[in-house]
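Chemist: got a predicted structure plus its sequence, pasted below:
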Amino acid sequence: MKVTLINPPSPYLDNDAAYPPTGLLYLAAAIENLGHSVSIVDLTGGGDWKQEIISLGSDLFGITCVTPNFGIVQKIASLLPPGIPIVIGGPHPTFLPEETLSNIQCDSVVRGEAEVVIAELLNDLEETGEPKRIYHGGFVPTESIPKPARHLVNLHKYHPGGEPATPIYTSRGCLFNCAFCSKVTGRTYRTFPIDRIVEEVQEVVNLGFDHIVFGDDNIGIHSSRLKALLTAIEPLGINFRLNQDTRMTDEAVFAQAARSGCTEISFGVESGSPKMLKAMNKRTSVEQNERAIALTKKYGMVAKAYLVVNFPGEDESTVKSTIKFIDRTRPDKWLLSTFAPLPGSPTFNHPERYGITWTSRRWDDYHLTGKPALTFATDDLPFERQIYLYNLLHHSLRGMYE
């Protein structure tokens, strides 16, 4: 059977081709292991993707869908050749399967991780010609997840962070329950063996990369595992970037990361206000965030802070606390996101708990960067107030770094 997996464009991003479609690469490897032919069509990076879609041929189309590109996935599905089954996967159909089936021209949706359940779907197609409406992927054990089929895309066309690099993931799932987050991989934290990660590093080095992005949000939540990984990759002589939770403030790990080739660590700081960190259920403190940034800079690595504005409860005083925090700690880089109650998140599932009185169903507005999303309202955060607070923080941050 010939399977075509489609990565839709994301025009709300400054560069939607920064990262390869790694989720599809994992799924493609699972399909290849079942003996089927698979290709990946990546529609990011501009160009006339509509014409490319119309000319595709396959026995099965699979499209990944995040909430803000729901409308584009609708368009892609409507343009695909008729009579060929279409399956939609990814975060949006995981949390809103029936709505996806009702509003996108497709035959099935897959909820959760698909590496194992894809075998059932393909078997149904071969035996009956008709897939089920909903497949429940759940959370896949790491031993059942193949290494991504990196040979199916040109990895060198992607530049995460604006430089030649490629991502590697060392785990799935997240132990935490931040109120703004929807987690398609769940709270069950699963790690890949260190020797497998080293194999992947060696593979991408052989492809010509000497810079890697470890894409996990919390790669060092267990400092002993991160130390073991750093020890294993140090002899390879690569440079790499990490995403890290600020709960891990073991100075020895920061020192070892720098020795092992780490050039940058990004942290989900979110806010400089204790009130907002509590409202978001971050379970981190301003002091932990300060220490993480300071230790990163102490050992000569670039510190990047991810920030969120307009979570329910935000006001002028909390925004000014964030401005003071950034002015005090001076991370080398920052990225400001605007809050949106993403499907699957506690704020979407229980808006009344957060004082949310209105939630948009216009999915194209659920972008997180670039401008206020304006996807919700509370009594204290009408649209006008959200715009004001976003501009206050954004302009203040830009002014500090000009």
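Modeler: Arrived safely.

Chemist: give me the number of residues near the nearest residue to P141 once chain neighbours are set aside?
Modeler: Nearest-residue entry for P141: R190, 6.7 Å, with adjacent residues in sequence omitted and distances by C-beta to C-beta, 6 or more residues apart in numbering. C-beta: built from backbone N, CA, C; applies to glycine. The number of residues packed near R190 is 15, by other C-beta atoms under 10 Å.

Chemist: give me the contact list for stretch 40-52.
Modeler: With C-beta atoms under 8 Å, 6 or more residues apart in numbering as the test, stretch 40-52 has contacts from 4-10, 16-17, 20-21, 24-25, 28, 53, 56, 75-76, 79, 149, 152-153, 157.

Chemist: buried sites along it?
Modeler: I40, V41, D42, L43, T44, W49 (16 or more other C-beta atoms under 10 Å).

Chemist: restricted to strands, list those residues.
Modeler: Among the buried residues of stretch 40-52, the ones falling in strands (DSSP state E) are I40, V41, D42.

Chemist: who's the second one bridged to?
Modeler: Counting by DSSP bridges, V41 forms beta bridges with I6.

Chemist: helix/strand/coil for S78?
Modeler: helix (DSSP: H, G, I helix; E, B strand; the rest coil).

Chemist: who's in contact with the closest residue to Q256 other than its chain neighbours?
Modeler: Of all residues not flanking Q256 in the chain, L230 sits nearest, at 5.0 Å (C-beta to C-beta, 6+ apart). Under the criterion of C-beta under 8 Å, 6+ apart, the neighbours of L230 are V253, Q256, A257, R259, S260, C262.

Chemist: of those, closest to D245?
Modeler: Closest approach to D245 among these (C-beta to C-beta): V253, at 11.9 Å.

Chemist: would you list every one of the helices in the chain?
Modeler: For the chain, the helices defined by DSSP state H cover 22-33, 49-54, 70-79, 91-95, 97-103, 117-128, 194-206, 223-233, 251-260, 274-279, 286-298, 316-329, 346-349, 383-401.

Chemist: hey, least reliable of those by pLDDT?
Modeler: Mean pLDDT is lowest for helix 49-54 out of the helices of the chain, coming in at a mean of 88.

Chemist: before we move on, the earlier item: relative to S223, how far out is the residue nearest to Q256?
Modeler: To S223, L230 is 10 Å away according to C-beta to C-beta, to the nearest Å.

Chemist: need the overlap of contacts for the two.
Modeler: Common neighbours of L230 and S223 (C-beta under 8 Å, 6+ apart) are V253.

Chemist: can you redo the contacts of L230 as CSV with distance to H350 and neighbour count?
Modeler: As requested, the contacts of L230 are exported to CSV (distance: C-beta to C-beta, whole Å; neighbours: other C-beta atoms under 10 Å):
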residue, distance to H350, neighbour count
V253, 36, 21
Q256, 41, 18
A257, 38, 25
R259, 45, 11
S260, 42, 20
C262, 38, 25
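
Chemist: let me know the closest of those residues to Y354.
Modeler: V253 (34.4 Å).

Chemist: for the closest one, which non-adjacent residue is closest in space?
Modeler: Counting by C-beta to C-beta, 6+ apart, S223 is the residue found nearest to V253 once chain neighbours are left out, at 5.2 Å.

Chemist: wait, what's in contact with that neighbour?
Modeler: M248, D250, V253.

Chemist: and what of I238?
Modeler: V201, V205, F209, D210, H211, I212, G261.

Chemist: and the residues you listed, which are buried?
Modeler: Buried among the contacts of I238 by 16+ other C-beta under 10 Å: V201, F209, H211, I212, G261.

Chemist: how about those, which pair is most distant?
Modeler: Across these (C-beta to C-beta), the longest gap, 12.6 Å, separates F209 and G261.

Chemist: domain assignment for this protein?
Modeler: Recorded structural domains for the chain (assignment: automatic domain parsing) are 2-140, 159-401.

Chemist: distance between the ends of the shortest one?
Modeler: Yep, that's domain 2-140 we're talking about. End-to-end distance for domain 2-140: 24 Å, by C-alpha to C-alpha, to the nearest Å.

Chemist: go on, stretch 243-258?
Modeler: Start-to-end, stretch 243-258 (C-alpha to C-alpha) is 14 Å.

Chemist: quick one: contacts of it?
Modeler: 176, 214-221, 223, 226-227, 230-231, 242, 265-269, 283-284, 288-289, 291-292, 295-296, 298-301.

Chemist: check the offset of that stretch from the chain's centre.
Modeler: 21 Å (C-alpha atoms, centre = their mean, to the nearest Å).

Chemist: same question for that stretch: list its buried residues.
Modeler: So for stretch 243-258, counting by 16+ other C-beta under 10 Å, buried means N243, Q244, D245, T246, R247, M248, T249, V253, F254, Q256, A257, A258.

Chemist: repeat for stretch 326-334
Modeler: Neighbour-count burial for stretch 326-334 [16+ other C-beta under 10 Å]: I326, T329, P331, W334.

Chemist: and that stretch, end to end?
Modeler: 9 Å.
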